[in-house]
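**Q** could you work out the structure for the sequence below:
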Amino acid sequence: MEAGNVFTLVQKKKRVKARGKINSVVSFLYPVAFGALLIILWQTEILHKIIGTDTFTLPLPSRIFAIIGENFPKVITNVQATVIVALCGLLLGSLFGYFVAIIATVFPKWGAGGLNIVSAFNAVPIVALAPVITNWTKDVSSDANTRSMFAKALVVMVVCTASMSVNAFRGLTEMTPFSEDLMKTYAAGRFETFVKLRLPNSIPYVFTALRVSVPASVISALVSEYFAEYIIGVGRQIRENIVLAQYATAWAYITVACFIGIVMYAILMVVEGVLLKNRR
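**A** Purely as a prediction, here's the structure:
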């Protein structure tokens, strides 16, 4: 290749890289600018006039953050309970979903039924699932807190299983062209092909599943707390304060719930960026 062509190719790669960085910054700034505009409209009560409500039903952001600050120790206690439920359910659901995907890959005849079953369970609404599981687990422990935590984690596990099993199955079965033939030329057995080809190929699909499962784990943890026996957790505090018409406090916990989801998703993005850096 001539020196001029090499120089042109390098320049093109630099322009593509610079354009990618600009697009990343723009995609980050647009939501931040929209959020800042929304908070300004909210704080100045222009938003209330637009949607026709009052500051009792939709308290001002300054009031919401003041409540969080005044009740910080109690908020942290409830946040810990919700995060533990979300993480435990996410971990169990992801592991079980990946196990189902492996079974479906190794035994396609039987595994396809397993994928259909977990997908069917995922279609059941959480508000229907949570009371049933709470009733099933009432004899698990004599401690009400332990029973509630187990039941809530089980609800989150059911919700997170389907996305992991379906995406992991795709990662374990959708190989790059001729990769399996190449392994056969090396005289690799089924186990060696599975460990050295299918498992690494499934890792990006695992993170695709987690992008769905992480927000779903927070939402399902919050909803399952509505029906839990033991009164603790961000979701339960939202419900209790709405029932008592303490909308400002309820909005404070809603804000905290949003913060939990954003932080967990941001951590996932950072981990994915680090682990899959060489795959991009």
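**Q** what is the subsequent helix or strand relative to the helix or strand Ile67 falls within?
**A** Using DSSP states H and E, Ile67 falls within helix 61-70. Downstream of helix 61-70, the first helix or strand assigned by DSSP H and E is helix 72-106.
**Q** and that next one, what's buried?
**A** 75, 78-79, 81-83, 85-90, 92-94, 96-98, 100-105 (16 or more other C-beta atoms under 10 Å). Bear in mind the C-beta positions are built from the backbone N, C-alpha and C, glycine included.
**Q** counting contacts, what elements does that helix pack onto?
**A** The contact analysis (3 or more C-beta pairs under 8 Å, 6 or more residues apart in numbering; DSSP states H and E) places helix 72-106 against helix 108-122, helix 144-173, helix 199-226, helix 234-243, helix 247-275.
**Q** low pLDDT regions in the stretch 1-150 of the chain?
**A** 1-7, 17, 20 (pLDDT under 70).
**Q** follow-up on the earlier one: and the helices and strands packed on helix 72-106, which is most packed in?
**A** helix 144-173 (a mean of 23; mean count of other C-beta atoms under 10 Å).
**Q** helix or strand right after that one?
**A** helix 179-185.
**Q** packing partners of that following helix?
**A** Using 3+ C-beta pairs under 8 Å, 6+ apart: helix 179-185 touches helix 190-193.
**Q** and the contacts of the helix it packs on?
**A** Helix 190-193 has contacts (C-beta atoms under 8 Å, 6 or more residues apart in numbering) with Glu180, Met183.
**Q** just the buried positions in it, please.
**A** By 16+ other C-beta under 10 Å, the buried positions in helix 190-193 come out as Thr193.
**Q** again with stretch 54-62
**A** Leu58, Pro59, Leu60.
**Q** excluding its backbone neighbours, what's nearest Thr137?
**A** Ala151 (4.4 Å; C-beta to C-beta, 6 or more residues apart in numbering).
**Q** list the contacts for the residue nearest the centre of the chain?
**A** The chain has Val214 as the residue nearest its centroid, 1.2 Å off, counting by C-alpha atoms, centre = their mean. Val214 makes contact with Leu90, Gly261, Met264, Tyr265, Leu268, according to C-beta under 8 Å, 6+ apart.
**Q** what distance do you get for Tyr226 to Gly233?
**A** 9 Å (C-beta to C-beta, to the nearest Å).
**Q** dump the buried residues of stretch 54-62 to JSON lines, plus distance to Asn278.
**A** Shown next, in JSON lines, are the buried residues of stretch 54-62 (distance: C-beta to C-beta, whole Å):
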{"residue": "Leu58", "distance to Asn278": "47"}
{"residue": "Pro59", "distance to Asn278": "47"}
{"residue": "Leu60", "distance to Asn278": "47"}
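**Q** which one of these is nearest to Val166?
**A** Leu58 (38.3 Å; C-beta to C-beta).
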